[in-house]
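K.L.:
need coordinates for the below:
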Amino acid sequence: MSETHLNPAKSVIGKIGIEKVASITGKHVSRVYRWMYPKERGGTGGRVPQEDAEKLLAYAKENKIDLAPADFFADAA
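P.N.:
Down below sits the predicted model:
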């Protein structure tokens, strides 16, 4: 993944893998990549859609992957 990809989507996808995220959510890989793009480029600005976040959290829990609800929010720095 590129340094230009946006968080928190970049971090979430990095923990599970882009192909697996696409499989879990039923979305094409290109759609999952869009989560990491700025809105100006047709992306979501780093946000993971809520319904997909729920699926990813369930998968992570079942597979003992360190992923928590807080991982879906940008750092409050």
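
K.L.:
spatially central residue in this structure, please.
P.N.:
Centrality entry for the chain: nearest residue to the mean C-alpha point is Ala9, 3.6 Å, by CA atoms, centre = their mean.

K.L.:
ok, now which ones touch the residue nearest to Phe73 when sequence neighbours are not counted?
P.N.:
Nearest-residue entry for Phe73: Pro8, 6.1 Å, with adjacent residues in sequence omitted and distances by CB to CB, 6 or more residues apart in numbering. Quick note: C-beta positions are derived from backbone N, CA and C, even for glycine. Contacts for Pro8 (CB atoms under 8 Å, 6 or more residues apart in numbering) come out as Gly46, Arg47, Val48, Asp71, Phe72, Phe73, Ala74.

K.L.:
quick one: contacts for the nearest residue to the residue nearest to the centre of the chain once chain neighbours are set aside?
P.N.:
Distances taken as CB to CB, 6+ apart put Trp35 closest to Ala9, at 3.9 Å, once the chain neighbours are dropped. For Trp35, the contact set (CB under 8 Å, 6+ apart) comprises Ala9, Ile13, Gly43, Thr44, Gly46, Arg47, Val48, Pro49.

K.L.:
which pLDDT does the model give Trp35?
P.N.:
The model reports Trp35 with a pLDDT of 97.

K.L.:
with Thr4 instead?
P.N.:
For Thr4, the model assigns a pLDDT of 84.

K.L.:
that one: how many residues sit nearby?
P.N.:
Neighbour count for Thr4, taken as other CB atoms under 10 Å: 10.

K.L.:
distance of it from Lys39?
P.N.:
Going from Thr4 to Lys39 by CB to CB, to the nearest Å gives 14 Å.
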